[in-house]
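1. my questions are about this predicted structure, shown below with the sequence.
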Amino acid sequence: MSYFEHHVFFCCNQRPEDEACCAKHGAQELQAYAKSRIKALGLDGAGKIRINKAGCLGRCDEGPVLVVYPEGVWYTFIDQEDIDEIIDSHLVGGKIVERLKLA
């Protein structure tokens, strides 16, 4: 059994100005938002949900990106509404958000 029910990694990689990277799309701010929302819902901690920053996850051209484990589902996102949908539908409700899912 996994220590967390869900472990979410947000790519927060910062690259030079002329290269694509998730940090240029507000990934750090939206990671902080997701972390605070999970905490406010009482869903953080052992056996629950962990929200982490990650360095480059190798998909910056599709960014911003996050990945949810143990399912290994990759998402892109634009704003807090997208993060709320991922939290409410996938992390809480168990339903993948198809419109934000990356191939």
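-> Perfect, thanks for sending it. Residues are numbered from 1 along each chain as shown.

2. only C-alpha atoms from now on, for both contacts and neighbour counts.
-> Noted.

3. the helices in this structure, which residues?
-> 27-40, 80-85 (DSSP state H).

4. any chance of the ones you listed in a markdown table, with mean pLDDT and mean neighbour count too?
-> Below are those laid out as a markdown table (pLDDT from 0 to 100; neighbours: other C-alpha atoms under 10 Å):
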| stretch | mean pLDDT | mean neighbour count |
| --- | --- | --- |
| helix 27-40 | 98 | 18 |
| helix 80-85 | 98 | 16 |
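
5. looking at the ones you listed, which is nearest to Asn52?
-> helix 27-40 (7.5 Å; C-alpha to C-alpha).

6. remind me which residues of the protein are low pLDDT?
-> 1 (pLDDT under 70).

7. residue nearest the centroid of it?
-> The centroid of the chain falls nearest to Leu66 when counting by C-alpha atoms, centre = their mean (3.7 Å).

8. how many other residues sit next to the residue nearest to that one when sequence neighbours are not counted?
-> Distances taken as C-alpha to C-alpha, 6 or more residues apart in numbering put Phe10 closest to Leu66, at 4.3 Å, once the chain neighbours are dropped. Around Phe10 there are 28 other residues, counting by other C-alpha atoms under 10 Å.

9. how much space between the residue of the chain positioned farthest from its centre and Ala46?
-> Most distant from the centre of the chain: Asp18, at 24.1 Å, with distances by C-alpha atoms, centre = their mean. Distance check for Asp18 against Ala46: by C-alpha to C-alpha, to the nearest Å, it reads 40 Å.

10. take the helices of the chain and lay them out in CSV including distance to Arg99.
-> Below are the helices of the chain laid out as CSV (distance: least, C-alpha to C-alpha, whole Å):
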stretch, distance to Arg99
helix 27-40, 18
helix 80-85, 10
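
11. tell me where the protein has strands.
-> 6-11, 49-54, 65-69, 73-76 (DSSP state E).

12. make JSON lines out of those and add distance to Ile87.
-> Shown next, in JSON lines, are these (distance: least, C-alpha to C-alpha, whole Å):
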{"stretch": "strand 6-11", "distance to Ile87": "10"}
{"stretch": "strand 49-54", "distance to Ile87": "10"}
{"stretch": "strand 65-69", "distance to Ile87": "10"}
{"stretch": "strand 73-76", "distance to Ile87": "12"}
